[in-house]
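J.: sequence and predicted model, in that order:
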Amino acid sequence: MTRENWQPKISMGLPIYNGDRFLRPALDSLLGQTFGDLELIISDNASTDATEEICREYARADDRVRYVRQERNIGANANYNEVVRLSRAPLFRWVADDDVVRPGFLERTYELLRDDPDAVLAHSLTAYIDEEGRPLERDGDGYRTPHGEHVDPPDRPISQRRLRSPLPHVRLRDVLLNTRWCFEIFGLLRRDALLKTPLQQRFYGTDKVLLAELALLGTWREAEEPLFERRFHERASNHLSVWQKAKWADPNAKRTILPPVTRMVRGYREAIARQDLPLYEKARCYEAIGVLAVQPDKFRKLLLPGPHNYFGIGNRPSAVARL
């Protein structure tokens with residue numbers, strides 16, 4: 001069977017823009033998985049650094065790699081959706097150009113989805129690394145980067161949450177209240193479930209809205225070992241201000257009176273409306289949005305200036321663009 005007609009068991013999609021600094025270790029970790037029946041689709045968002053050269057080198061060396069270059073920068077979220085469109089496998093995983101996965105990540109998450117037909121997402125515990133791939137040092141209840149930045153710990157493990165509940169509203173409420181980092185967006189997903197959603201939409205916070213809808217569609221599983229390594233560095237997108245993140249999601253985004261987070265609430269409502277659920281269950285899902293709205297930390301982000309203020313008040317814009 002030729003590669004043109006070959007259907008792998010797993011598709012991985014790498015949307016990238018000017019990511020040459022950490023690209024080689026990322027690609028090596030993806031192609032060095034113990035689970036080898038995979039394809040890696042790279043969509044280059046018109047990079048101007050060495051990204052194209054590196055990607056073409058890997059595509060020549062490994063016929064599981066497909067490299068596509070966009071003629072112009074289409075924005076981060078549209079590029080995320082492009083790799084889904086190009087994928088062929090029943091299981092899909094988004095990957096980033098700066099993170100790495102340990103060799104058993106795909107094998108373990110594949111087994112979790114294979115053995116649980118109700119699950120739509122499988123991930124692993126997360127470890128933090130710095131620019132050189134070294135583990136971050138502990139700092140109280142979190143971690144500290146070599147630059148002195150304090151980093152909050154990962155979200156609580158899925159095994160300690162309610163994401164395996166048979167009730168959609170319980171899973172939704174858990175995502176709304178307990179998901180901050182959204183690392184699960186880089187988990188292994190059932191492609192048919194993913195295609196029931198609008199994928200990555202053009203607004204700030206769309207990754208959490210997508211995770212919320214995936215929680216409505218099925219349960220989540222987790223390999224209880226840190227097989228996913230999140231790299232913290234000065235160019236990481238978490239350094240962007242609220243309005244920079246809105247621009248990162250959609251290059252055409254304009255400042256408005258309402259904060260970017262407003263679109264997230266609308267996204268949650270639309271996700272619930274798309275589900276074929278009993279009226280009582282659907283009502284409990286809408287109720288979960290109301291519970292989210294009255295959480296004390298949400299009021300702090302609305303009222304107090306700072307790096308996470310929903311209006312961008314007190315944000316410190318990053319000098320690095322991440323389109």
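T.: All right, it came through fine.
J.: list the buried ones in the longest helix belonging to the chain?
T.: Longest helix of the chain, by residue count under DSSP state H: helix 279-293. Judged by neighbour count using 16 or more other C-beta atoms under 10 Å, the buried positions of helix 279-293 are Lys282, Arg284, Cys285, Ala288, Ile289, Leu292. Placement of C-beta: from N, CA and C, glycine included.
J.: same thing with stretch 20-31?
T.: Asp20, Arg21, Phe22, Leu23, Pro25, Ala26, Leu27, Ser29, Leu30, Leu31.
J.: and what of stretch 31-39?
T.: So for stretch 31-39, counting by 16+ other C-beta under 10 Å, buried means Leu31, Gln33, Phe35, Leu38, Glu39.
J.: so where does the second one fall, helix or strand?
T.: Remark: Gln33 resides in no helix or strand, with elements defined by DSSP states H and E.
J.: ok, so what distance separates it from Gly142?
T.: 29 Å (C-beta to C-beta, to the nearest Å).
J.: same question, the last one
T.: Using C-beta to C-beta, one gets 36 Å for the distance from Glu39 to Gly142.
J.: run through who's touching stretch 146-154.
T.: Contact with stretch 146-154 is made by 125-126, 128, 130-131, 136, 139-145, 180-181, 183, 230, 232, 234, as judged by C-beta atoms under 8 Å, 6 or more residues apart in numbering.
J.: if we can go back for a sec, same list (the buried residues of helix 279-293) but as CSV, adding pLDDT and distance to Asp115.
T.: Listed next are these as CSV, based on pLDDT from 0 to 100; distance: C-beta to C-beta, whole Å:
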residue, pLDDT, distance to Asp115
Lys282, 97, 30
Arg284, 97, 29
Cys285, 97, 27
Ala288, 94, 28
Ile289, 92, 32
Leu292, 77, 32
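J.: ranges for the strands of the stretch 101-250 of the chain?
T.: If DSSP state E, counting those that start in this stretch is used as the criterion, the strands of the stretch 101-250 of the chain fall at 119-129, 137-139, 142-144, 150-151, 188-190, 219-231.
J.: now do the first one: distance to the chain's middle.
T.: Right, strand 119-129. Chain-centre distance of strand 119-129: 11 Å, with C-alpha atoms, centre = their mean, to the nearest Å.
J.: before we move on, what about the fifth one?
T.: The offset between the C-alpha centroid of strand 188-190 and the centroid of the whole chain comes to 12 Å, using C-alpha atoms, centre = their mean.
J.: repeat that for the third one.
T.: Using C-alpha atoms, centre = their mean, the mean C-alpha position of strand 142-144 is found 21 Å from that of the whole chain.
J.: same question for the shortest one.
T.: Its chain's average C-alpha position is 19 Å from that of strand 150-151, according to C-alpha atoms, centre = their mean.
J.: quick one: the helices in the stretch 201-323 of the chain?
T.: For the stretch 201-323 of the chain, the helices defined by DSSP state H, counting those that start in this stretch occupy 206-217, 242-249, 262-273, 279-293, 296-303.
J.: so where's the stretch 201-323 of the chain shaky on pLDDT?
T.: 235-251, 253-260, 293-323 (pLDDT under 70).
J.: one more time with 90
T.: 202-205, 233-264, 290-323 (pLDDT under 90).
J.: what residue is smack in the middle of this structure?
T.: Ile185 (3.0 Å; C-alpha atoms, centre = their mean).
J.: need the per-residue pLDDT for that one.
T.: Ile185 is assigned a pLDDT of 97 by the prediction.
J.: what's the closest non-adjacent residue to it?
T.: Closest residue to Ile185 apart from its sequence neighbours, by C-beta to C-beta, 6 or more residues apart in numbering: Asp207 at 4.7 Å.
J.: if I pick Tyr80, what's in contact with it?
T.: Contacts of Tyr80 (C-beta under 8 Å, 6+ apart): Gly13, Pro15, Trp94, Leu199, Gln200.
J.: could you redo the last one with a cut-off of 6 Å?
T.: Counting by C-beta atoms under 6 Å, 6 or more residues apart in numbering, Tyr80 touches Pro15, Gln200.
J.: do the same with the one 10 residues further on
T.: Taking C-beta under 6 Å, 6+ apart as the definition of contact, the neighbours of Pro90 are Arg191.
J.: how close does it get to Arg263?
T.: Pro90 is 31 Å from Arg263, by C-beta to C-beta.
J.: swap in Arg269?
T.: Noted for Arg269: a distance of 11 Å to Arg263, by C-beta to C-beta.
J.: try Arg69
T.: Computed with C-beta to C-beta, the distance linking Arg69 and Arg263 is 30 Å.
J.: do Pro226 as well
T.: From Pro226 across to Arg263, the span is 33 Å (C-beta to C-beta).
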